[in-house]
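Q: Fold the following and give me the result.
(one chain, ligands or ions: 2)
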Amino acid sequence: MSPPQYKCQKCPGYCCSYPLIPLDKRDVERLARHHKLSFAEAKQAFTKEEHGRKYAMRRKKDPVFGKICRFFDIKKRCCTIYAARPAVCRSFPGGGRCGYYDFLSFERRAQEDEKFVALTNHDA
Ligand code: SF4
Ligand code: SF4
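A: Ligands and ions are numbered 1, 2, ... in the order given. Here you go, the predicted structure:
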């Protein structure tokens, strides 16, 4: 398998800014264990029922995207619970490429600015 063609360390975290980050019961259990909380406490602290999902990740304000996952470090632009992250985060972006990273790289080349943050139309 070829190595990934994207570098999360160079990305502002598009995939963590989705309006819906859906969790399942096992994800909430993992978060509870990680934080030494009961299931009920973790469910209350980290999730809410929305977008038709029983456990949607809570989000917080973010200067770049408006809102982002509550576990995202908005200064360092990375996940703070990498080992305990939900299944949906583990499986993203799937293959060897990330569409967001391709988009970012293209825009950075076009702007001739390695730090340029290209924005999408994500709602906040
Ligand atoms: S959008 Fe792609 S490159 Fe950016 S953090 Fe997510 S997986 Fe990594
Ligand atoms: S748990 Fe981590 S990887 Fe998943 S959306 Fe939140 S900050 Fe991103």
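
Q: Show the contacting residues for the residue most central in space within the chain.
A: Nearest to the mean C-alpha position of the chain, by CA atoms, centre = their mean, lies C16 at 1.9 Å. Applying CB atoms under 8 Å, 6 or more residues apart in numbering to C16 gives the contacts 68-69, 72, 79, 89. Bear in mind the C-beta positions are built from the backbone N, C-alpha and C, glycine included.

Q: I'd guess it is in a strand, am I close?
A: No - using DSSP: H, G, I helix; E, B strand; the rest coil, the assignment for C16 is helix, not a strand.

Q: got the buried residues for stretch 32-49?
A: 32, 37, 42-43, 46-47 (16 or more other CB atoms under 10 Å).

Q: same for ligand 2: which of the contacts of C16 are within range?
A: Here is what survives when the contacts of C16 are matched to ligand 2 using CB under 6 Å from any ligand atom: 69, 72, 79, 89.

Q: Quick check: of the residues you listed, which lies closest to Q111?
A: Closest to Q111 out of the ones next to ligand 2 among the contacts of C16 is F72 (24.0 Å), distances taken as CB to CB.

Q: residue contacts, that closest one?
A: Neighbours of F72 in contact, by CB under 8 Å, 6+ apart: 13, 16, 60, 62, 78-80.

Q: The same query, at a cut-off of 6 Å, please.
A: 13, 16 (CB atoms under 6 Å, 6 or more residues apart in numbering).

Q: What does it show for phi and psi?
A: Its backbone dihedrals place F72 at phi -90, psi 130, with angles given as degrees, to the nearest 10.

Q: try P63
A: According to degrees, to the nearest 10, P63 has phi -70, psi -20.

Q: Please compute how far stretch 108-115 lies from its chain's middle.
A: The chain centroid and the centroid of stretch 108-115 are separated by 23 Å under CA atoms, centre = their mean, to the nearest Å.

Q: do the same with stretch 24-36
A: That offset, for stretch 24-36, works out to 17 Å (CA atoms, centre = their mean).

Q: how about low-confidence regions in the chain?
A: Scanning the chain for pLDDT under 70 picks out 1, 120-124.
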